[in-house]
Each structure stands twice: as structure tokens, then as C-alpha cells.
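J.: Model the following, please.
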Amino acid sequence: MAVLAGGALRRPSRFRYWRQWLTAYLFLAPYLLFPLVFIAGAIVLALYFSFTDYDLLSEPVFVGLKNYEKAFQDESFLHALRNVATYTAVVVPSQTFVALVMAAILDQKLPFRRFFRIAWYLPCVASSVVTTLIFMWLFLPDGFINAALNFIGINARINWLGDEATALPSIMFMNIWATAATMMLIFLAAMQDVPGPIYEAAHLDGAGPIRQFFQITVPLLRPAIFLVVLLGTIGCFQLYDQVKIATNGGPNESTLTVTYLIWKEGFRDLNMGYASALGVILFVGIFVISIIQRRFLDVRPDY
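T.: Numbering: from 1, shown residues only. Sure, this is the predicted structure:
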């Protein structure tokens, strides 16, 4: 603000005020255009193509709701939905529990605490492709896992990724191992934000470490738990890399996911209209589940 005679303050002119805002938005424009074009634009195009018969080579032909009708009559799509639902129901609670336990351990004043934090986070540094290739080797009939089972007296020669009964559980295990450490960081940051006097008061009241954890730490981690569950659910619905590399949706569609089916229909079979409809259904499904989670998970901490 400008200073007038006598010490009075004058507010900046309206022109100067808007010029400052315009300057700020001009600098932010490149970062704002990216999500606008590549995210919002992609959603609008997918919605448009979902009402068309489009093969990427010829002009789109409007077909109304036929792609959506086809989706809910497509056994492959329904099978993929069941696989994703099963996968999410197992992976999200498992990775949340493992991450919470890991964070609780690393939040203690233990020797070599920094070393263990780095070591436990290392799986997240590797790309999903590298992680999948490593586990493909571990899951071979002559791989490390069967060798370990044979070593402890269990005669096993299981084709983990080639058998319908074990392919999806194998990918579940792979992803829990690869993602739990990322969720651990969220819990660890939230734990370190809990006010210390709360624990001191609980200790004076006779509460032990276990009681403090369940009656103080967990209730105060509600926002972090909601975030972990939400991110985990979205990640499960978007599962693609591991399926594409390890199983190609097999055997017999036992690991088929919606995102893999979208890729298959859109880029292998050039049925982009139908693939867009599947993408829209997936988007709406994730959005609705996020709203439901937000509704039923109380994210307000109990201070």
C-alpha cells in the first residue's frame, strides 16, 4: 500500500491489483494448461468416442449407447470387474495393515532406524517393470519360492503365474510388497504429527504402548487412513503393468483387469469407441467409490 501525507495508507488501484493477478497466472499458465489439455481434454474426448464406432483409422460413427450396452453384456468385462473387485478387497486392507505396522515400528526410537527406513522404502524406487520381472523369476516353477518351499519340506513345483488358482494371488503379493512402503511414509508422517503431550498424558494415566497405539494413534490417523485407502483403491482399479508383463490377462482371463481390457480393445483390436466406453465406466466407478469412502470413513482426527 502507498503511504500518503500524514501517514495514511492508500489501497493499490484496481488496475494494479488485477495486473498482479494476471502476471501470476501468466507464469502459472504452462502448469495449468497441462492438466487442462491432457487430463480434462482426454476425459472429454473419451466421453465423445464412447458414443461412437471408431477404429483410429476412419471417421467416428455415432452409435449412441451401444458401446455401454455391449460392455454390460461382455463376459470378459464382467470377468475383469470380478477380478478387480477381488484384487481390491485383498490388496487394499493388506497393504494398509502392513504399512501401518511398518510405520509403527519405524516410529519407535530404535537403533539404525534411518537405515531400516531407507531399506524398507527401496522397493518403491524400482519401476513396476523391474519389480515384475524380478517376481516373474521368483515365481518360476524352478524359482526361489518353490525352492524355499522344498527346503522346508514342502514338495512344490507350482507354476505360480501360469495356474488359474495362483496367478491373481501372486500378483496381489507382488503389489502388496511393492506399494506398502509408499503407504508407510504417509502413516509415518502422520504419526510424527501427533502431539507428544497426548502420549505423555496417556502414559501418566497408565496406558501402555499397545493401548496408546489403538486408542490414540489409530484414531488420530483417520485422515491418513482415508488417504491410503483411497490411493490404494485407485491403484488397484488401474492395475495394468504387472498383468501386461507377467500374464497378459491369463491364464483363461484369471488376471484380466479393466485397464488391460481397455488397452486390448483400443490398441490391439482398434476398437477405440468400445475402449473409451470402458474407460468412462472405470472413471465413474472410481469416482463413486471415492465418494462412498469419503462418506463412510470419518477423516476428522479425534483431538
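J.: May I have the distance across stretch 52-66, first residue to last?
T.: End-to-end distance for stretch 52-66: 9 Å, by Cα to Cα, to the nearest Å.
J.: Actually, stretch 63-77.
T.: 20 Å.
J.: Kindly report the same for stretch 190-198.
T.: Start-to-end, stretch 190-198 (Cα to Cα) is 14 Å.
J.: which residues touch it?
T.: If you take Cβ atoms under 8 Å, 6 or more residues apart in numbering as the criterion, stretch 190-198 is touched by 103, 104, 107, 216, 217, 220, 221, 223, 224, 303. Yep, even glycine has a C-beta here, placed from its N, CA and C like the rest.
J.: Pretty sure the second one sits in a helix.
T.: Yes - going by DSSP: H, G, I helix; E, B strand; the rest coil, the assignment for residue 104 places it inside a helix.
J.: Could you check how many residues crowd around it?
T.: Applying other Cβ atoms under 10 Å, we find 18 residues neighbouring residue 104.
J.: from the middle of its chain, how far away would the strand or helix carrying residue 181 be?
T.: Using DSSP states H and E, the element containing residue 181 is helix 164-191. In terms of Cα atoms, centre = their mean, to the nearest Å, the centre of helix 164-191 is found 10 Å from the chain centre.
J.: Which residues belonging to that helix are considered buried?
T.: For helix 164-191, burial by neighbour count (16 or more other Cβ atoms under 10 Å) applies to 166-176, 178-188, 190-191.
J.: Which is the succeeding secondary structure element to that helix?
T.: helix 196-204.
J.: ok, residue 122 to residue 235 distance?
T.: Distance, residue 122 to residue 235, using Cβ to Cβ, to the nearest Å: 19 Å.
J.: Those two: which is more packed in?
T.: Set residue 122 next to residue 235 and count neighbours by other Cβ under 10 Å: residue 235 wins out with 17 against 9.
J.: Need the nearest residue in space to that one, chain neighbours excluded.
T.: residue 179 (6.7 Å; Cβ to Cβ, 6 or more residues apart in numbering).
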